[in-house]
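Novice: no sequence on hand, only this structure:
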């Protein structure tokens, strides 16, 4: 992968099922040396990760980056909170949105852009159980329609 290319590292599919995504924003992330290598290798886990705003800064919590296998004793703490890089006006916009009832900041996916690790941070609202059931029903219906369409074209 060249330095100018972009590639997806990981996606949070569970977040797309559990939350309604109102808006999303691209953020940089502050990582230590071995963390970058570990993320590029795809050794990260974020099923329960979320972001919060403290003292005018955005921090991602619950992101686990496994220690880099080929590093020495100077490895990073895998579960430390990581700072997200945003402009001041973007942070103010996020503060206004999060203060509304029910909104939270959830990392949707991690990817490389010009050799840098980026996070797509979603402004999300939790779904109720009946919303999830409706999504499952809709997905099953689409699958059945595709199956019938393929059957009709093949035979």
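Specialist: Looks like it arrived, so ask away. Since the structure is predicted, the reported quantities are computational estimates derived from the model, not experimental observations.

Novice: residues in contact with the residue minimising distance to the centre of the chain?
Specialist: The chain has residue 108 as the residue nearest its centroid, 2.3 Å off, counting by C-alpha atoms, centre = their mean. Residues near residue 108 by C-beta atoms under 8 Å, 6 or more residues apart in numbering: 11-12, 15-16, 21, 24, 120-122. (C-beta placed from N, C-alpha, C; glycine too.)

Novice: buried ones among those?
Specialist: For those, a neighbour count by 16 or more other C-beta atoms under 10 Å gives the buried set as 12, 15-16, 24, 120-122.

Novice: for residue 148, state which of those residues is nearest.
Specialist: residue 16 (25.8 Å; C-beta to C-beta).

Novice: among the buried ones among the contacts of residue 108, which pair sits farthest apart?
Specialist: 16 and 121 (13.6 Å).

Novice: where exactly do the strands run in the chain?
Specialist: In the chain, the segments counted as strands under DSSP state E are 6-11, 19-29, 44-45, 50-54, 57-61, 64-65, 82-85, 103-113, 116-126.

Novice: partner strands of the third one, parallel or antiparallel?
Specialist: Listed by DSSP bridges, the sheet partners of strand 44-45 and their directions read strand 64-65 (antiparallel).

Novice: what does the strand it pairs with rub up against?
Specialist: By C-beta under 8 Å, 6+ apart, strand 64-65 touches 31, 35, 38-39, 43-46, 76, 78-79.

Novice: what mean pLDDT does it get?
Specialist: Strand 64-65 carries an average pLDDT of 90.

Novice: ok so, going back, reformat the contacts of residue 108 as TSV; add distance to residue 128.
Specialist: Output for the contacts of residue 108, formatted as TSV (distance: C-beta to C-beta, whole Å):
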residue	distance to residue 128
11	23
12	20
15	16
16	16
21	15
24	21
120	24
121	23
122	18
